[in-house]
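Chemist: Fold the following, please.
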Amino acid sequence: MGLLTPLAIRIGSQPWMPKLLPQVTWTDTTLQRLTGGRLSILDVAGLPNLMLTVRGRKSGIPRSTPLLCVPWQGGWLIAGSHFGGPKAPVWTINLRAAETVEVDYNRRRHTCTWRELTGDEKDRAWAHMVTIWPNYDKYTEWTDRVIPVFLLTPR
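Modeler: Below is the predicted model of the structure:
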């Protein structure tokens, strides 16, 4: 956590955030590209993050998305929250169609397997995730869909 983390949490709790997600993602991806992966918006906010690269399920083209992550059990937890928006992020659909993904974390690239968490395991993971990003609980209130949680594990 950093000095700007409380500000990031406050901004992330605003109900208009889902509308800005495309701009936030584009800005973060561009910032990471310009700095060679050394800096992201989430780094500035003092939050753990990764760049998820997964092939498009139809196109086969690698797609990269910056995501908030929570280190857990030797891997990373990610949530398809989309800031509580009504639709699941596209990366969740592509992830479910992929066997492995690439993860850039702390400027190191990892090939990872993944699995979607359910039941008690998801509940335990979620409880841990909200200690890092309390807004996840708000996002469940803002949407009717079930927010998926995935565990990415390096091979």
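
Chemist: correct me, but Ile132 touches Ala45?
Modeler: No: between Ile132 and Ala45 there is no contact under Cβ atoms under 8 Å: 11.3 Å. The C-beta positions use only the backbone N, C-alpha and C, and glycine is treated the same way.

Chemist: Just the CA trace of stretch 70-82, in CSV.
Modeler: Coordinates of each C-alpha in stretch 70-82 appear next as CSV, following Å, rounded to 0.1, in the frame of the first residue of the first chain:
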residue,chain,number,x,y,z
VAL,A,70,-3.8,-10.0,-5.1
PRO,A,71,-0.9,-12.3,-4.4
TRP,A,72,-2.2,-15.6,-3.0
GLN,A,73,-0.8,-19.2,-2.6
GLY,A,74,2.2,-18.6,-4.9
GLY,A,75,0.0,-17.0,-7.6
TRP,A,76,-2.4,-14.2,-8.1
LEU,A,77,-6.1,-13.7,-7.6
ILE,A,78,-7.9,-11.6,-10.2
ALA,A,79,-11.6,-10.6,-10.3
GLY,A,80,-13.7,-10.0,-13.4
SER,A,81,-15.4,-7.1,-11.6
HIS,A,82,-15.4,-4.5,-14.4
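
Chemist: Go through it and flag the buried ones.
Modeler: For stretch 70-82, burial by neighbour count (16 or more other Cβ atoms under 10 Å) applies to Val70, Trp72, Gly75, Trp76, Leu77, Ile78, Ala79, Gly80, Ser81, His82.

Chemist: Just give me the closest of those to Ile93.
Modeler: Gly80 (9.2 Å; Cβ to Cβ).

Chemist: And the closest residue to that closest one other than its chain neighbours, which helix or strand is it part of?
Modeler: Leaving aside its chain neighbours, Gly80 sits nearest to Thr92 (3.9 Å; criterion: Cβ to Cβ, 6 or more residues apart in numbering). Element membership for Thr92 (DSSP states H and E) is helix 90-96.
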